[in-house]
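Colleague: give the three-dimensional model of this entry:
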Amino acid sequence: MFHIIINPETASGHGIQAWKELKPIVEAEGMDYKLYISSQRNEFGKIISKLTSRLNGSDHADIIIIGGDGSMNEAVNHIKDFRHTRIAFLSYGSANDLTKSLCNDRTKAEIIKDISDGKIKRSVDIGVMRSGEAETLFNISSGLGFDAEICEKANRVKLKRFLNRLHLGKLIYVITAIGLILKNNRFLCRITFDGETEKVYEKCLFAVVMNTNYEGGGFMFCPDAVNTDGSLDLCIPDGIGSFRFFTLFPMAYKGRHAGRRGINIEKAKKVRIQTDEPVWIHTDGEVSFKTDDVTISLHPEKLNLLM
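Modeller: Model (predicted):
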């Protein structure tokens, strides 16, 4: 039995329409399923929690999510039993960074065919962000500074939803990014790698810790990041002025910024990041607070994928 959960707010409120397109494909594969439609913002996570609780022995929950990167972030933060949960997602969000990393340009029909046999295709790393009493899991990345502030400001702009309906949602991130680059906000950042090596970046624009190689609607800040190697990749731009950043930023869309002066690429299993002032932090583009001290590592469990 597959549990198919729809976030109706995905695809700019067209989650139900997305299911109408997928339903004939699912049924053509002969998949036995139960459909769930979350009617409230917090109900999505409650459905995940209920389905993944009290699993043991040969019991397991096979879950298919129709939603975006935010839906998958909410899912991973509400799974109660990773060992007995098997999950897949059909992405209809505006950024779709996770599907870029995992789906290799496969069509929805090809992905559903892969899912239909109910077998685990891979088990991937899960990131953990801890700051004070807060703890949040992530699939894609966790970053602080510039990239988190973009998400925080863009999510508050009313224009975003309108542009999403026109499939132009990425424009709001570009517009917001330009404004923040011109503001030229920099901060001192001290990073400790694996509890041993410490490096100081005096004019840091942002520090992003990546589990996969795409973030922010397709930017490859850490082009070599993969979520199966048991490590996290970091990108820390330091000492870069506004004009030069305008030339480097487009390069990140293809990962060509790596190796350029001022672009620091690192790898670690665990990092502690301290800043000289509180800055915004995000997990998979979800922003909730500012911090000046955060630890980011890998979860002891893996996420089992049906795709």
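Colleague: any regions of the stretch 151-300 of the chain where pLDDT drops low?
Modeller: Applying pLDDT under 70 to the stretch 151-300 of the chain flags residues 153-184.
Colleague: how about the strands in it?
Modeller: In the stretch 151-300 of the chain, the strands defined using DSSP state E, counting those that start in this stretch lie at 187-193, 197-204, 206-210, 232-237, 263-268, 270-283, 286-298.
Colleague: redo the ones you listed as TSV? Include distance to residue 246 and mean neighbour count.
Modeller: Where you see a C-beta, it was placed from the backbone N, CA and C, and this is true even at glycine. Putting the strands of the stretch 151-300 of the chain into TSV (distance: least, Cβ to Cβ, whole Å; neighbours: other Cβ atoms under 10 Å) gives the following:
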stretch	distance to residue 246	mean neighbour count
strand 187-193	20	19
strand 197-204	16	15
strand 206-210	15	27
strand 232-237	12	24
strand 263-268	14	17
strand 270-283	21	20
strand 286-298	24	18
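Colleague: which of those strands sits closest to residue 133?
Modeller: Ranking those by proximity to residue 133 (Cβ to Cβ) places strand 286-298 first, at 11.0 Å.
Colleague: okay, the angle between the closest one and strand 206-210?
Modeller: If you take axes from the mean of the first three to the mean of the last three Cα atoms, to 10 degrees, strand 286-298 sits at 60 degrees to strand 206-210.
Colleague: adjust the sequence numbering to begin at 49 for everything that follows.
Modeller: Renumbered: residue one is now 49, and that last one reads strand 334-346.
Colleague: what's in contact with strand 334-346?
Modeller: For strand 334-346, contacts defined as Cβ atoms under 8 Å, 6 or more residues apart in numbering pick out 118, 121, 173-180, 182, 184, 190, 192, 196, 199-200, 203, 257, 278-280, 317-329.
Colleague: go through the host helix or strand of residue 148 and flag the buried ones.
Modeller: Taking DSSP states H and E as the criterion, residue 148 maps to helix 145-150. In terms of neighbour count (16 or more other Cβ atoms under 10 Å), helix 145-150 has its buried residues at 145-150.
Colleague: which one of those residues is nearest to residue 250?
Modeller: Using Cβ to Cβ, these come closest to residue 250 at residue 145, 29.7 Å.
Colleague: list the contacts of that closest one.
Modeller: Here residue 145 is in contact with 117, 188, 260, 262-266 (Cβ under 8 Å, 6+ apart).
Colleague: report the buried members of those.
Modeller: Looks like the contacts of residue 145 have 117, 188, 260, 262-265 buried, using 16+ other Cβ under 10 Å.
Colleague: these: which two are farthest apart?
Modeller: Across those, the longest distance by Cβ to Cβ is 13.3 Å; it joins 260 and 265.
Colleague: could you look up the SS state of residue 75?
Modeller: Of the three states, residue 75 takes helix under DSSP: H, G, I helix; E, B strand; the rest coil.
Colleague: neighbours around it, how many?
Modeller: Residues lying near residue 75 (other Cβ atoms under 10 Å) number 10.
Colleague: for it, give its distance to residue 50.
Modeller: Residue 75 is 11 Å from residue 50, where distance means Cβ to Cβ, to the nearest Å.
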